[in-house]
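Can you look at this prediction? I've put the sequence above it.
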Amino acid sequence: MKDDRPSSSFCGTLFFLGSVRLLLFVCVFSFIQNGSAQQSPTDDLLPPSHFVLHSALQVNLTRRFVRLPLHRGSFKGVTYWYVLTDVSDEALANKLGLNFSPKLGNVPNGAPGAFQTLDVPANILETTNVEFAGVPDFASDRAVVPGPTGFPLLAASPGAVAGPGYSPYVQPAGTNIIYNAPIVAMGNGPFDLNTHNDTHDRLIGIDCKAGIADLLFIEAFSGGKEVIYLSFDATTPEAAALERSTFTPILSETPFPESAFRKDAARATIFSFANGQTGNSSPPAQGLNHLVIDGLITEEATPTSFDVFDALRHDGDARNVLEVFPTMIDPRLRLEYSPAWDFHLAMWPKELVETGRNVAQTDAFVIRTLAENFTVTNPGGTKLSAAGIEVNCPVVAFVSDPPLHPVVPPPIKLPLPFRL
């Protein structure tokens, strides 16, 4: 009679293959939890000549991340990890490869809670003993519940919430210098890069030994050109959920809403649209409804969320518009740059939406011109103005060509009228 039982050699082969698969799974899982974001030799990398944040180590256009140096700090005996993106001192910006933002030095103006003063040298990297005054709590689960048209949302909750004393804006004691130093992870690993219960929602890779952090970036426009920035904090729960950032309400103190081009203010201006076109290319697609419908904003960003990477690679971001950029020739515009953005939410009128004229805008002064004519308005139909939201979004790079100047002149003389 034929013996149908597997031979011992066949069983041994199955056991060997199973062990290999298990080992590979363990290695990949360990890599995802403890390593940098996965990268393929065929990934499209942005040339470093396009970086404005010169400390950035890599901009991966395929997997949509920026790789930054990672730095260690602590809070009440617990390890926390942070990155540096901007500083208000030009010499330090040049030395450390950070964005120079003189306006960031105005954060303390009437805003005592909007920054934390730390006992560190003026060059914060000269010490490894950075004891923070406050930190974020990453334990919450981010949630975005789309509305009937994507945006407005039915509900939203952030995945991280600032604790008492936390601000990403850091002042070395005894100086007038302000850094943008957002915290992106807590502990010594392994890290949760899938549900982000101990990491920032944009962190998709971390290697503490190598000192690198990989963060999902956002693609936008400035001066008619495509640019790349990061998002770390927002001052409302809904904005934080949509930005995959930390809910940091104290930043609403940052001076001042509606203060574009004021020399005592810390904010620059960013524009977003509530009801632009949707689809898989921008222009013409743009807006928070586009982000919700086409950008897979309801899904988590993880080291292997290739569907999210693909959606964003096909222009699924909100494609916001930054009024200024560090490469602009006019010093009034170049020095206006700040990672603290005054958020403006524009609405197209119903008749323009119905006739397909709600086409993506790529320049802030064009948007301001449309606002002067009431072609775009606040969601309530009033003249477009600040939405009462500040977002911490440092710029990183330009995609093809640098923004050198706005597409059109400002519709009214600079500085713009100040309104509280």
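In hand now; what should we look at? Numbering: from 1, shown residues only.

C-alpha from now on. contacts and neighbour counts both.
OK.

from memory Leu291 sits against Asp317, does it?
Yes - if you go by C-alpha atoms under 8 Å, Leu291 and Asp317 touch, sitting 5.2 Å apart.

Let me see the confidence value for Pro41.
Looking at Pro41, its pLDDT stands at 81.

so how many other residues sit close to Thr382?
Residues near Thr382, counting by other C-alpha atoms under 10 Å, number 12.

likewise the one 3 residues further on?
For Ser385, the number of neighbouring residues by other C-alpha under 10 Å comes to 19.

same deal with the one 10 residues further on?
The tally of other residues near Val395 (other C-alpha under 10 Å) stands at 27.

does it really touch Val52, like I thought?
Yes - counting by C-alpha under 8 Å, Val52 is a contact partner of Val395 at 7.4 Å.

which neighbours do those two share?
Overlap between the neighbourhoods of Val395 and Val52 consists of Asn99, taking contacts as C-alpha atoms under 8 Å, 6 or more residues apart in numbering.

Next up, the contacts around the closest residue to Ser167 other than its chain neighbours.
Spatially, and ignoring its direct neighbours in sequence, Ser167 is nearest to Phe115 (5.2 Å; C-alpha to C-alpha, 6 or more residues apart in numbering). Shown in contact with Phe115 (C-alpha under 8 Å, 6+ apart): 107-108, 166-171.

What score does Phe115 have for pLDDT?
98.

From Leu57, how far off is it?
The span separating Phe115 from Leu57 equals 27 Å under the rule C-alpha to C-alpha, to the nearest Å.

any idea how far stretch 335-351 is from the chain center?
Mean C-alpha position of stretch 335-351 versus that of the full chain (C-alpha atoms, centre = their mean, to the nearest Å) differs by 15 Å.

next one: stretch 333-349
The answer for stretch 333-349 is 14 Å, by C-alpha atoms, centre = their mean.

and Leu104, how many residues sit next to it?
Using other C-alpha under 10 Å, Leu104 has 29 neighbouring residues.

you'd agree it is up against Thr85?
No - if you go by C-alpha under 8 Å, Leu104 and Thr85 don't touch, sitting 11.5 Å apart.

can you list residues touching both of those two?
In contact with both Leu104 and Thr85: Tyr179, using C-alpha under 8 Å, 6+ apart.

what pLDDT does the residue nearest to the spatial centre of the chain get?
Nearest to the mean C-alpha position of the chain, by C-alpha atoms, centre = their mean, lies Ser231 at 1.6 Å. Note on Ser231: pLDDT of 98.

can you check Ala241 too?
Looking at Ala241 specifically, the model assigns a pLDDT of 98.

Then Phe15?
Here the pLDDT value assigned to Phe15 is 36.

partners of the nearest residue to Ala234 once chain neighbours are set aside in the sheet?
The shortest distance from Ala234 to any residue that is not its chain neighbour, by C-alpha to C-alpha, 6+ apart, is 4.4 Å, and that residue is Val391. When assigned by DSSP bridges, Val391 has beta-bridge partners Ala234, Trp341.

List the contacts of Val391.
Counting by C-alpha under 8 Å, 6+ apart, Val391 makes contact with 231-235, 339-343.

Check those residues against Gly211 and report the nearest one.
Phe232 (18.8 Å; C-alpha to C-alpha).

Let me see the contact set for the closest one.
When contacts are taken as C-alpha under 8 Å, 6+ apart, Phe232 is in contact with 182, 200, 243-246, 391-393.

Quick one: buried ones out of these?
The neighbour-count criterion (16 or more other C-alpha atoms under 10 Å) marks 182, 200, 243-246, 391-393 among the contacts of Phe232 as buried.

so of the residues you listed, which ones are in strands?
If you go by DSSP state E, those have 246, 391-392 in strands.

Turn the residues you listed into a markdown table, including distance to Asp307.
Formatted as a markdown table, those follow (distance: C-alpha to C-alpha, whole Å):
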| residue | distance to Asp307 |
| --- | --- |
| Thr246 | 23 |
| Val391 | 26 |
| Asn392 | 26 |
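
pLDDT and distance to Val324 added to these, as JSON lines?
Rendered in JSON lines, the data for those read as follows (pLDDT from 0 to 100; distance: C-alpha to C-alpha, whole Å):
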{"residue": "Thr246", "pLDDT": "98", "distance to Val324": "24"}
{"residue": "Val391", "pLDDT": "98", "distance to Val324": "15"}
{"residue": "Asn392", "pLDDT": "98", "distance to Val324": "15"}
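
Show me which of those is closest to Gln277.
After measuring these against Gln277 - C-alpha to C-alpha - the closest member comes out as Val391, at 23.4 Å.
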